[in-house]
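Participant: here's my sequence, what's the structure:
(4 chains)
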4 protein chains.
Amino acid sequence: MINVGVIGTGMIGQDHIRRMTSVLSGVRVCAVSDVDAATAASVGERVGAAVHTTGQELIADPSVDATLVCSWGPTHEQYVLAAIAAGKPVFCEKPLATTTEACQRIIEAETAYGGRLVQVGYMRRYDSAYRALKAVLDSGQIGNPLLMHCAHRNPSVPGVYEKDMAITDTAVHEIDMVRWMLGEEIRAVRVLVPRRSRNGGILQDPLFLLMETAGGAIVDVEISVNIRYGYDIRGEIVGEDGTAALGELSPLVVRHAGQVATPVPADWRERFIRAYDIELQEWIDGIAGGVPATGPSSWDGYAAAVVSDAGVSALHSGERVPIALMDKPKLYAAEAAA
Amino acid sequence: MINVGVIGTGMIGQDHIRRMTSVLSGVRVCAVSDVDAATAASVGERVGAAVHTTGQELIADPSVDATLVCSWGPTHEQYVLAAIAAGKPVFCEKPLATTTEACQRIIEAETAYGGRLVQVGYMRRYDSAYRALKAVLDSGQIGNPLLMHCAHRNPSVPGVYEKDMAITDTAVHEIDMVRWMLGEEIRAVRVLVPRRSRNGGILQDPLFLLMETAGGAIVDVEISVNIRYGYDIRGEIVGEDGTAALGELSPLVVRHAGQVATPVPADWRERFIRAYDIELQEWIDGIAGGVPATGPSSWDGYAAAVVSDAGVSALHSGERVPIALMDKPKLYAAEAAA
Amino acid sequence: MINVGVIGTGMIGQDHIRRMTSVLSGVRVCAVSDVDAATAASVGERVGAAVHTTGQELIADPSVDATLVCSWGPTHEQYVLAAIAAGKPVFCEKPLATTTEACQRIIEAETAYGGRLVQVGYMRRYDSAYRALKAVLDSGQIGNPLLMHCAHRNPSVPGVYEKDMAITDTAVHEIDMVRWMLGEEIRAVRVLVPRRSRNGGILQDPLFLLMETAGGAIVDVEISVNIRYGYDIRGEIVGEDGTAALGELSPLVVRHAGQVATPVPADWRERFIRAYDIELQEWIDGIAGGVPATGPSSWDGYAAAVVSDAGVSALHSGERVPIALMDKPKLYAAEAAA
Amino acid sequence: MINVGVIGTGMIGQDHIRRMTSVLSGVRVCAVSDVDAATAASVGERVGAAVHTTGQELIADPSVDATLVCSWGPTHEQYVLAAIAAGKPVFCEKPLATTTEACQRIIEAETAYGGRLVQVGYMRRYDSAYRALKAVLDSGQIGNPLLMHCAHRNPSVPGVYEKDMAITDTAVHEIDMVRWMLGEEIRAVRVLVPRRSRNGGILQDPLFLLMETAGGAIVDVEISVNIRYGYDIRGEIVGEDGTAALGELSPLVVRHAGQVATPVPADWRERFIRAYDIELQEWIDGIAGGVPATGPSSWDGYAAAVVSDAGVSALHSGERVPIALMDKPKLYAAEAAA
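Facilitator: Reported below is the predicted structural model:
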């Protein structure tokens, strides 16, 4: 039984607490903390967890085996660094940190520690559809991947959604997915801006993101965040001998009113809820087996941050923005994205 | 250029005239006749065809190379017999005749003539989807066919549609299709009667027809004639090693309002219009090449009539009704359904 | 944390133990027993569970909150009765018992106890595809269900598979599913026997099972247990205004070698593994919430046994076999199949 | 009966002659000519058509109602101009002419003539799938189109296929299709060059073409001409409220060897044969009805040439290439692409 402390008991934190207490196996939520002490106290009482005043204190709690960081982005760095300092596994929701420099500091700390302790919450790698897609690609059936066509479609976004978030909050999932799927870093990005949807208000929506990988594959991503019809994540890898794509998720086929129809998920929750479950279960199982982190690493968090920054820059400039990463520490050499 | 005379200038006759004058190649409508002289005159004038008082007179017209019979069912026998007597090719819309005995008289006349002159209008054999299905079956890919699941769905039927027509007008297409597809005669039928659709009024709708072939394959046919959502003809052959089925016809995929949808045809016209074109074009091409009839034969018309009669009997009795066919004349030996 | 005792540590028992120890939440395997004492001891040691000599002893163990019966079918009755006598929840893998009389004795005992304690392992009710299908049906979108077309296809079956097992082991899942899906009892069954697949050896394969529900809906089930291409469970409900069907399960679409293809599951494990997880998790959550049984009841187990017996009889006689159930105790009145 | 003269009796010319003599209605091939007199003589004899020494002579033949130009590209201009001079309808296979200036001379001649006589052979506008796609777009169901994703995939290309042909021969079909589909001119193009397929030899394959329309829609086109698996033309329009796409063309669904599969066309002939039929039939029907040209105009041929030239330039430079068209004569104002 792994004892997990949760820093940040807002929406995502509470959802992970629900997951760990009522869905997953081999885990117990033993401690919580939040900048809002009242919330932390209320959640702690409900699940029978100790309540700490600060994340640092929670990490230091000897009963805490591993930490889940779900607090506000700008606070991630300090908690991740504290966990590394304590030599304890830490799962950090995306982003790893809000600046490239902060990500680099985490990499340095983890490298100095000499082993992986940090995992970042890019859950698409745990989605059964993406995993099936990667399995076909890795089997060699369609040959070397040359292009990948992606679409990220939301029915709508909340009022707080701002221009850059199309890259930093939305496309960042595609950025991590592509690095993992193709096993290559991204060397340049460009953002094309088509005419606007009336559904997007003043927002520039949709966008068309183009990424080049280190090996010269090209990935295009449609980002439509007000497309009304549903939450739809598409992806097709074009190989030398064929293509492999995400298909429809629902096994339901309804013949009604002149058409044969299959439902589309309403939102990301419906689409990826199982991926979140599997992501955390594998993290917990890893820890139980003595492996503190198997999923997206600090390096992945850093690379996603650099590409995301370049994407924002490309969105503003209209230009192709090349990407330069720091040298990759040996610690992360075994990672898929070499 | 084949000169065709058309007996019966009602709806189906006029549609075939339109087809022969504005869609097909190598054919001219040179003569028409109808029990309603005024209609015949009007149609004849429009397309520049001679107008005859009777079908017999039309068949005897030396300018007529071949005859298309589109008149009322009970009159089919006399025109087909007259065409055989004249030694001219005749295409007879279904049914070949309205009684088994009449079908047998036609077979006797054609056998006495010593060669095929008669073709019956079962157009499904010319549908590209059914042909693709048969090609897969005949390739051996799925092994010997053991079962076939079919559905015949109409959105609605006109007020004149009566109980027995579910067999004689609707299922008769499946009966011919199955004989052709599997290359076997049908040895018994049964009709199961589920609870009624509220859309069918006093009509018993749907029905579930079960056919056994001579070799022991079982074919089930759902007949739903008020299913509202569209005109949908389904078919799946279950072989030893896999299955082959009709899929969706429309290549259009629309993502809208929470679903991924493909349109279903609105009616039989939309679904089978090309099959009618190909059916007549192949008939004309055959005649031009010296082969008076290549499609469904008098034997097929006779067999469909016998199975259809048994189906009506089974609908009324609730029992399994075995089928006995007359000995098959050598003339039809080369036919698929041996 | 619910403490579960497992009676029967063979293949299915060990799989449920794996599930409860490494997949599900809120459950602990605290005790095991098996007719083979060595197996029980070995499994018990591995998971840290007490080992009992008999199922009865296990049920009586005060640390056992609930029992999972995974032993050989003929032993189910005694363990279920013992659990009822002890007033403890019991989950019994199918069948509930091997004779109708035994099922009735269980119903009597549970009725005498005055509340539900027994749940039977029909896991299709927990499959997300079937649940989506039922949700559409219950929404009224397609109107009253009139027909249902099903297929149960296995790529192959082991050598021990005998004639009657097509009904008792294979079709029994469809029998329970149909009762639950349509919310009606089955009033008669018939089995049609088409020609044999060469893949089935001396086995009569495929079969075509026809069921009539109390309200007159007709359900047809193709049972093909050597169809080679994969494990494929199909189902389409024909309503008054449209149909709803199970579609493809894999979200993967591969374009390769002349075709657009989606994978089919290789076996039942791949197809239904999540349904088993959800089935047990809901059972455990129910117990934790004070509800000993929410899924398939003793009545469902009894009804499935009666219909299955009738199916075997119909297979041997070739006749329509009507079904008479005992009066339904009030205890089960709230069940879907009224 | 329209009498058509065919200039150029090579492969495409002979295919159109076959079409006009054995598939289409209301047309006769009355004259032929070819640079290779022997071929012309042989073809002419076979179909009973007069044989002319030059295309100009053929056009001048009083028995010729309309001309079909299927000769080598560089000769198109002279024949089209001769037909305009003769005031006769002319159908010119693509390209309209091999230089922008030649296209402009044709536009000037036709404008001077004062009415449309010229139609260019972009057959995709006659494909039922593209027409269904356009019908949905025009219905407004998915809102204003913002993006379009396309793919043009060939299994392989002949040895003579050179670098620029990916634009001039392959993508040119997409260029015309997009102008027609969206009803807008193209204002800029860009070509991205991903890493190469090993199947393409020294050819740069695939390519990724990006087009901006006058109104700011962005269209991306994957051009893969050695993808082995089949001939596959994809297209998805992303609107404000949903998307509409080309789906699978074959209605056949085969379950075999672990997958559910639908065939992909083997080549362009299989994919577009009906579009060619309909294209010519509508042209003939138009002439018979007094309308010399209803399909792609000289303007469309000109615009495709200009965009195609820009595409070649973009392929070589790697830059975004803006497009400037001449002023559009009023004669073409009613065209969809305004």
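Participant: the stretch 51-200 of chain A: strands as residue ranges?
Facilitator: For the stretch 51-200 of chain A, the strands defined by DSSP state E, counting those that start in this stretch occupy A:66-69, A:90-92, A:118-120, A:145-153, A:186-192.
Participant: adding mean pLDDT, mean neighbour count and distance to chain C, write the ones you listed out as a markdown table.
Facilitator: Every residue, glycine included, has its C-beta placed from N, CA and C. Putting the strands of the stretch 51-200 of chain A into a markdown table (pLDDT from 0 to 100; neighbours: other Cβ atoms under 10 Å in any protein chain shown; distance: least, Cβ to the nearest Cβ, whole Å) gives the following:
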| stretch | mean pLDDT | mean neighbour count | distance to chain C |
| --- | --- | --- | --- |
| strand A:66-69 | 98 | 27 | 16 |
| strand A:90-92 | 98 | 28 | 18 |
| strand A:118-120 | 98 | 29 | 20 |
| strand A:145-153 | 98 | 24 | 12 |
| strand A:186-192 | 98 | 22 | 24 |
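Participant: out of the ones you listed, the one nearest B:Asp65 is which?
Facilitator: Shortest distance between B:Asp65 and these, using Cβ to Cβ, is found for strand A:145-153: 55.7 Å.
Participant: residues in contact with the next helix or strand after the closest one?
Facilitator: Counting by DSSP states H and E, the next helix or strand C-terminal to strand A:145-153 is helix A:165. Residues from elsewhere that reach helix A:165 (Cβ atoms under 8 Å, 6 or more residues apart in numbering or on different chains): A:Val157.
Participant: off-centre distance for helix A:165?
Facilitator: Relative to its chain's centre, helix A:165 lies at 14 Å (Cα atoms, centre = their mean, to the nearest Å).
Participant: flag every residue of the stretch 1-150 of chain A that's near chain C.
Facilitator: Neighbours of chain C within the stretch 1-150 of chain A, by Cβ under 8 Å from any Cβ of the partner chain: A:21-26, A:128-129, A:132-133, A:136, A:141-142.
Participant: who wins for neighbours among the residues you listed?
Facilitator: Among those, the one with the most neighbours (other Cβ atoms under 10 Å in any protein chain shown) is A:Leu133, at 25 neighbours.
Participant: hang on, the earlier thing: narrow the residues of the stretch 1-150 of chain A next to chain C to those in helices?
Facilitator: Judged by DSSP state H, the residues of the stretch 1-150 of chain A next to chain C include A:Thr21, A:Ser22, A:Ser128, A:Ala129, A:Ala132, A:Leu133, A:Val136 as members of helices.
Participant: what does chain A put close to chain B?
Facilitator: Counting by Cβ under 8 Å from any Cβ, chain A sits next to chain B at A:228-230, A:232, A:248, A:254-264, A:266.
Participant: before we move on, back to that, how about the ones in helices among the residues of the stretch 1-150 of chain A next to chain C in CSV, adding pLDDT?
Facilitator: Output for those, formatted as CSV (pLDDT from 0 to 100):
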residue, pLDDT
A:Thr21, 97
A:Ser22, 97
A:Ser128, 97
A:Ala129, 98
A:Ala132, 98
A:Leu133, 98
A:Val136, 98
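Participant: which of the residues of chain A next to chain B are close to chain D?
Facilitator: Residues of the residues of chain A next to chain B in contact with chain D (Cβ under 8 Å from any Cβ): A:Arg228, A:Tyr229.
Participant: can you say which of the residues of chain A next to chain B are buried?
Facilitator: Buried positions within these, assessed by neighbour count (16 or more other Cβ atoms under 10 Å in any protein chain shown), are A:228-230, A:232, A:248, A:254-256, A:258-264.
Participant: since we're on A:Gly201, how many residues are nearby?
Facilitator: Counted by other Cβ under 10 Å, the residues lying close to A:Gly201 total 12.
Participant: cool, the one 10 residues further on as well?
Facilitator: Here the number of neighbours of A:Met211 (other Cβ under 10 Å) works out to 28.
Participant: same deal with the one 5 residues further on?
Facilitator: Burial measure for A:Gly216: 13 neighbouring residues, criterion other Cβ under 10 Å.
Participant: isn't it up against D:Ser197?
Facilitator: No - applying Cβ atoms under 8 Å as the test, A:Gly216 and D:Ser197 come out as separate, 11.6 Å apart.
Participant: can you identify each of the helices in chain A by residue range?
Facilitator: A:11-22, A:37-47, A:55-60, A:76-86, A:100-113, A:128-139, A:165, A:172-182, A:268-288, A:298-317.
Participant: any chance of CSV for the ones you listed, columns distance to D:Ala112?
Facilitator: Formatted as CSV, the helices of chain A follow (distance: least, Cβ to Cβ, whole Å):
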stretch, distance to D:Ala112
helix A:11-22, 70
helix A:37-47, 80
helix A:55-60, 81
helix A:76-86, 72
helix A:100-113, 65
helix A:128-139, 58
helix A:165, 57
helix A:172-182, 54
helix A:268-288, 60
helix A:298-317, 48
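Participant: out of those helices, which comes closest to B:Thr294?
Facilitator: helix A:128-139 (45.1 Å).
Participant: ok, and what's touching that closest one?
Facilitator: A:124-125, A:142, A:145, A:177, A:180-181, A:235, A:237, A:239, A:244-247, A:249, A:274-275, A:278, C:250-252, C:254, C:263.
Participant: and if you look at stretch A:209-216?
Facilitator: By Cβ under 8 Å, 6+ apart, stretch A:209-216 touches A:167, A:171, A:174-175, A:178, A:182, A:184-192, A:218-221, A:223, A:307, A:311, D:192, D:194-195.
Participant: what does stretch A:302-314 give?
Facilitator: A:94-97, A:99-100, A:103-104, A:106-107, A:120, A:122, A:164, A:167-168, A:171-172, A:175-176, A:179, A:185-186, A:188-191, A:209, A:211, A:320-323, A:325-326, A:337.
Participant: from those residues, which would you call buried?
Facilitator: A:94-97, A:100, A:103-104, A:106-107, A:120, A:122, A:167-168, A:171-172, A:175-176, A:179, A:185-186, A:188-191, A:209, A:211, A:321, A:323, A:337.
Participant: where does pLDDT dip in the stretch 51-200 of chain A?
Facilitator: For the stretch 51-200 of chain A, no stretch is flagged by pLDDT under 70.
Participant: contact residues of the stretch 51-200 of chain A facing chain D?
Facilitator: Neighbours of chain D within the stretch 51-200 of chain A, by Cβ under 8 Å from any Cβ: A:143-144, A:146-147, A:149, A:151, A:192, A:194-199.
Participant: for the residues you listed, which one is nearest A:Ala112?
Facilitator: A:Ala112 lies nearest to A:Asn144 out of those, by Cβ to Cβ, at 37.5 Å.
Participant: ok, the closest one - contacts?
Facilitator: Counting by Cβ under 8 Å, 6+ apart, A:Asn144 has contacts A:Gly239, A:Glu240, D:Arg195, D:Ser197, D:Arg198.
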